[in-house]
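Peer 1: Okay, here's the prediction I keep looking at, along with the sequence it came from:
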Amino acid sequence: MGFIEKLNRAVSKNDSLLCVGLDVDRDKIPKDLREKPDGIIKFNERVITNTCDFVCCYKLNLAFYEA
């Protein structure tokens with residue numbers, strides 16, 4: 001299954017065109033995650049878990065992860 005087909009299924013399933021950007025600023029994530037090496041990953045997992053029924057896709061901004 002290609003990207004467009006997966007996207008169309010998610011749009012239909014969640015009745016949504018909303019895309020969530022996962023552009024995380026380490027200084028703004030909860031303190032319990034801020035100092036952990038995998039804190040950004042754990043934060044993104046929380047965001048995805050709490051929004052997956054309401055959105056059709058997620059967007060990563062690689063510049064936030066390359067530094």
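Peer 2: Happy to help now that I have it. Numbers count the residues shown, from 1 in each chain.
Peer 1: and residue 45, what helix or strand is that in?
Peer 2: helix 39-51 (DSSP states H and E).
Peer 1: Quick check: buried residues in that helix?
Peer 2: Neighbour-count burial for helix 39-51, with 16 or more other C-beta atoms under 10 Å as criterion, is recorded at 39-40, 43-44, 47. Where C-beta positions appear, they are placed from N, C-alpha and C, glycine not excepted.
Peer 1: Show me where this structure has its helices.
Peer 2: Using DSSP state H, the helices of the chain run over residues 3-14, 31-34, 39-51, 63-66.
Peer 1: Could you say which one of those comes nearest to residue 24?
Peer 2: Nearest of these to residue 24, taken as C-beta to C-beta: helix 39-51 at 5.0 Å.
Peer 1: Packing partners of the closest one?
Peer 2: With contacts taken as 3 or more C-beta pairs under 8 Å, 6 or more residues apart in numbering; DSSP states H and E, helix 39-51 sits against strand 19-22, helix 31-34.
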